[in-house]
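*Asks:* sequence first, then the predicted structure, then my questions.
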2 protein chains.
Amino acid sequence: MAFIISEVSSNKIFGGYQKVYAHDSKVLGCKMNFGVYLPPQCEDTKLPVIYWLSGLTCSEANFIQKAGAQRYASENGVIIVNPDTSPRGLSIPGDSESWDFGVAAGFYLNATQKPWSDNYQMYSYITSELIQLVNKNFPVLEGKQSIMGHSMGGHGALISALKNPGLYKSVSGFAPISNPSKCPWGEKAFNGYLGSREKANWFEWDATELVKNYNGPPLEIFIDQGSGDKFYIEKQLLPENLVEACKNAHVPAIFKLREGYDHSYFYIATFIEEHIKYHVKHLTN
Amino acid sequence: MAFIISEVSSNKIFGGYQKVYAHDSKVLGCKMNFGVYLPPQCEDTKLPVIYWLSGLTCSEANFIQKAGAQRYASENGVIIVNPDTSPRGLSIPGDSESWDFGVAAGFYLNATQKPWSDNYQMYSYITSELIQLVNKNFPVLEGKQSIMGHSMGGHGALISALKNPGLYKSVSGFAPISNPSKCPWGEKAFNGYLGSREKANWFEWDATELVKNYNGPPLEIFIDQGSGDKFYIEKQLLPENLVEACKNAHVPAIFKLREGYDHSYFYIATFIEEHIKYHVKHLTN
């Protein structure tokens, strides 16, 4: 009952199927869509899974249509699951007033402040309910999962991995919001969802702070960044802060700066093969 | 003066740049956008060009965002140009009442009926003005050009090649409307743009009819079709009619039926590499 899903769409691509499903999320209290790419190998065997978390303003559709990931998932025999970026359809007052807060801007945390705390529990949704739902419904190798994301979703991938040692075999971010406590996007979101900096522990949801106390199984942090990304230049992303914190905490980090690439899916499409291969290497070790 | 273009956007992808430009089209009497992918080889040398024509409801954006063609253009050293699908912004009465006629449904022909005939001249735009514009503004090997398209754009590619022997080195269509005189989409468009079947020569704009009288340089017709495409099943596309006409006219045809693929860009993304390599082979012979 708790794990019923209904198919919204199914399209054949690179020998497998790009599906979208809907389900009633208990954690979020609303109906949610998510994408699943099932490569052709699924017909014969169980496969590992990579979770993809999207950025501000996105639904599950953007990654499916623009990243070009299906080819590489098909070639490398991995399922890709990509959820939506916030609860939907709740009409909470103020949830649609800005593009960087509320709908499509859930920030992958568990809100503590009213009126958000009843539904904006994206962290629990991603790291628990969605994994169970996927394990129940698709031919996955349970426990063989990695996580990656873009911008706000890169932040989501990083904190999900750092807060759950061993849950994900590897983690990577495209232009992740790496130090949200110290950038305008993060400050706005944390203030709204968690309360003022003085009263709430923002550091529990900030990769650069979390890595300082990481003491789980060995985890490498793979950070990808375009040098022409205007949000990087405007210091919304701050990947250098995370790299420095990794260095001080003796957590290995890979930082790839891509000359001239911006914040768009054109950038993601160029490097998604490298990330998928990176995760598959960790998932099949 | 006649060939001034202005850059709308530029994004780095696969080492090259996906650009969108705007210009004032003399032939269409309105401002038009078009996409150009410039692979990295452009910096050193002139390259051949493939023109892509999109289908009903599309602008230049769909192909750019969803087909994943940039990787293959970069790997194979070819420029890809993709125009819009109709005149825009003219507010001709009736131009926005249906999704399969008027705006985003120019059908790549020259209209003869009022009020369409003043602006709906997509055939002349594609086969003449756009080529001149591209030749003037980008590092192309003049005359080294091929053409491909999807659905209505597959029809456009086919008639553009068949009506201009030698202009394009090769032609291919993804799920092309192959016999528009005999399908509902084509009948509606031809009736509106050209006048009633009895009075107008619809056959001048129908690939299956044009191929019967083709007597230019050797031309192979490459037709790609998904077997699960609902418009194929509903007989809007009729590729078998074109294949049969090719056979009777001794024009070589390749017909590839792709098991289970539909009409979407997921289908196109899967096979665009094969088409790009096909055209590059003809362009570099």
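*Replies:* Cool, got the structure.
*Asks:* contact residues of the stretch 101-250 of chain A facing chain B?
*Replies:* A:226, A:228 (C-beta under 8 Å from any C-beta of the partner chain). Where C-beta positions appear, they are placed from N, C-alpha and C, glycine not excepted.
*Asks:* what are the ranges of the helices in the stretch 101-250 of chain A?
*Replies:* Taking DSSP state H, counting those that start in this stretch, the helices of the stretch 101-250 of chain A run over residues A:122-124, A:130-137, A:152-162, A:184-194, A:207-210, A:230-233, A:239-249.
*Asks:* nearest to residue B:7, out of those?
*Replies:* For those, the distance to residue B:7 is smallest for helix A:230-233, at 16.5 Å, taking C-beta to C-beta.
*Asks:* and the closest one, which residues are buried?
*Replies:* Neighbour counts using 16 or more other C-beta atoms under 10 Å in any protein chain shown place A:231-232 of helix A:230-233 among the buried residues.
*Asks:* returning to what we had before: which one of the helices of the stretch 101-250 of chain A is the most hemmed in?
*Replies:* helix A:152-162 (a mean of 29; mean count of other C-beta atoms under 10 Å in any protein chain shown).
*Asks:* what's near enough to touch whichever residue of the stretch 51-200 of chain A sits closest to chain B?
*Replies:* Among all residues of the stretch 51-200 of chain A, residue A:68 sits closest to chain B, at 4.3 Å; criterion: C-beta to the nearest C-beta. By C-beta atoms under 8 Å, 6 or more residues apart in numbering or on different chains, residue A:68 lies in contact with A:269, A:272, B:68, B:71, B:269.
*Asks:* now the residues you listed in JSON lines, please, with extra columns for pLDDT and secondary structure.
*Replies:* As requested, these are arranged in JSON lines below (pLDDT from 0 to 100; DSSP: H, G, I helix; E, B strand; the rest coil):
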{"residue": "A:269", "pLDDT": "98", "secondary structure": "helix"}
{"residue": "A:272", "pLDDT": "98", "secondary structure": "helix"}
{"residue": "B:68", "pLDDT": "98", "secondary structure": "coil"}
{"residue": "B:71", "pLDDT": "98", "secondary structure": "helix"}
{"residue": "B:269", "pLDDT": "98", "secondary structure": "helix"}
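*Asks:* so which of those residues comes closest to residue A:34?
*Replies:* For the contacts of residue A:68, the minimum distance to residue A:34 (C-beta to C-beta) is 18.2 Å, reached by residue A:272.
*Asks:* just for the stretch 1-150 of chain A, where's the confidence low?
*Replies:* For the stretch 1-150 of chain A, the stretches with pLDDT under 70 are A:1-2.
*Asks:* dihedrals phi and psi, the residue nearest to the spatial centre of chain A?
*Replies:* In chain A, the residue lying closest to the centroid (C-alpha atoms, centre = their mean) is residue A:53, at 2.5 Å. As for residue A:53, its main-chain torsions (degrees, to the nearest 10) stand at phi -110, psi 130.
*Asks:* is it true that it touches residue A:149?
*Replies:* Yes - contact criterion C-beta atoms under 8 Å: residue A:53 and residue A:149 qualify, at 3.3 Å.
*Asks:* quick one: common contacting residues for the two?
*Replies:* A:156-157.
*Asks:* one step back: list the contacts for the residue nearest to the centre of chain A?
*Replies:* If you count contacts by C-beta under 8 Å, 6+ apart, then residue A:53 has A:82-83, A:85, A:108, A:126, A:147-150, A:152-154, A:156-157, A:160 around it.
*Asks:* how close does residue A:253 get to chain B?
*Replies:* According to C-beta to the nearest C-beta, to the nearest Å, residue A:253 and chain B sit 24 Å apart.
*Asks:* residue contacts, that residue?
*Replies:* By C-beta under 8 Å, 6+ apart, the residues touching residue A:253 are A:220-223, A:242-243, A:246-247.
*Asks:* not counting sequence-adjacent ones, nearest residue to it?
*Replies:* Excluding the flanking residues, the one nearest residue A:253 by C-beta to C-beta, 6 or more residues apart in numbering or on different chains is residue A:246, at 3.8 Å.
*Asks:* what about that neighbour, distance to residue A:24?
*Replies:* Noted for residue A:246: a distance of 39 Å to residue A:24, by C-beta to C-beta, to the nearest Å.
*Asks:* show me the contacts for the residue in the stretch 101-250 of chain A that chain B sits nearest to.
*Replies:* Nearest residue of the stretch 101-250 of chain A to chain B: residue A:228, at 6.9 Å (C-beta to the nearest C-beta). By C-beta under 8 Å, 6+ apart, the contact list for residue A:228 reads A:259-262, B:12.
*Asks:* ditto for residue A:133
*Replies:* With C-beta under 8 Å, 6+ apart, residue A:133 has these contacts: A:3, A:5, A:23.
*Asks:* sitting in strands, which of the residues you listed do you find?
*Replies:* Among these, the ones falling in strands (DSSP state E) are residue A:23.
*Asks:* now the buried members of the contacts of residue A:133.
*Replies:* A:5, A:23.
*Asks:* buried residues in stretch A:210-220?
*Replies:* In stretch A:210-220, counting by 16+ other C-beta under 10 Å, buried: A:210-211, A:214, A:219.
*Asks:* taking the contacts of residue A:253, tell me the two that lie furthest apart.
*Replies:* A:222 and A:247 (14.8 Å).
*Asks:* all strands of the stretch 51-200 of chain A, in order?
*Replies:* Remark: strands assigned in the stretch 51-200 of chain A by DSSP state E, counting those that start in this stretch are A:79-83, A:140-150, A:171-174.
*Asks:* now those strands as CSV including mean neighbour count?
*Replies:* Formatted as CSV, these follow (neighbours: other C-beta atoms under 10 Å in any protein chain shown):
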stretch, mean neighbour count
strand A:79-83, 26
strand A:140-150, 23
strand A:171-174, 29
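*Asks:* so which of these comes closest to residue B:197?
*Replies:* When these are compared by C-beta to C-beta, strand A:79-83 sits nearest residue B:197, at 48.2 Å.
*Asks:* other SSEs contacting the closest one?
*Replies:* Here strand A:79-83 touches strand A:30-38, strand A:47-53, helix A:69-76, helix A:130-137, going by 3 or more C-beta pairs under 8 Å, 6 or more residues apart in numbering or on different chains; DSSP states H and E.
*Asks:* tell me the most buried of those?
*Replies:* Compared across the helices and strands packed on strand A:79-83, strand A:47-53 shows the largest average neighbour count, a mean of 26 (mean count of other C-beta under 10 Å).
*Asks:* export it to PDB, keeping only CA atoms.
*Replies:* Provided in PDB are the C-alpha atoms of strand A:47-53 (Å, rounded to 0.1, in the frame of the first residue of the first chain):
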ATOM      1  CA  LEU A  47      21.500  -3.400 -11.400                       C
ATOM      2  CA  PRO A  48      22.900  -0.600  -9.200                       C
ATOM      3  CA  VAL A  49      21.200   2.800  -9.000                       C
ATOM      4  CA  ILE A  50      22.400   6.300  -9.300                       C
ATOM      5  CA  TYR A  51      20.100   9.000  -7.800                       C
ATOM      6  CA  TRP A  52      20.100  12.400  -9.500                       C
ATOM      7  CA  LEU A  53      18.900  15.500  -7.700                       C
END
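*Asks:* strands paired with it, and their directions?
*Replies:* If you go by DSSP bridges, strand A:47-53 pairs up with strand A:79-83 (parallel), strand A:140-150 (parallel).
*Asks:* before we move on, the earlier item: the residue nearest to the centre of chain A and residue B:209: what is the separation?
*Replies:* Counting by C-beta to C-beta, the gap from residue A:53 to residue B:209 is 52 Å.
*Asks:* swap in residue A:35?
*Replies:* Residue A:35 is 43 Å from residue B:209, by C-beta to C-beta.
*Asks:* over to residue A:240?
*Replies:* Using C-beta to C-beta, residue A:240 is found at 64 Å from residue B:209.
*Asks:* same question, residue A:117
*Replies:* Separation of residue A:117 from residue B:209 (C-beta to C-beta): 67 Å.
*Asks:* with residue A:134 instead?
*Replies:* 52 Å.
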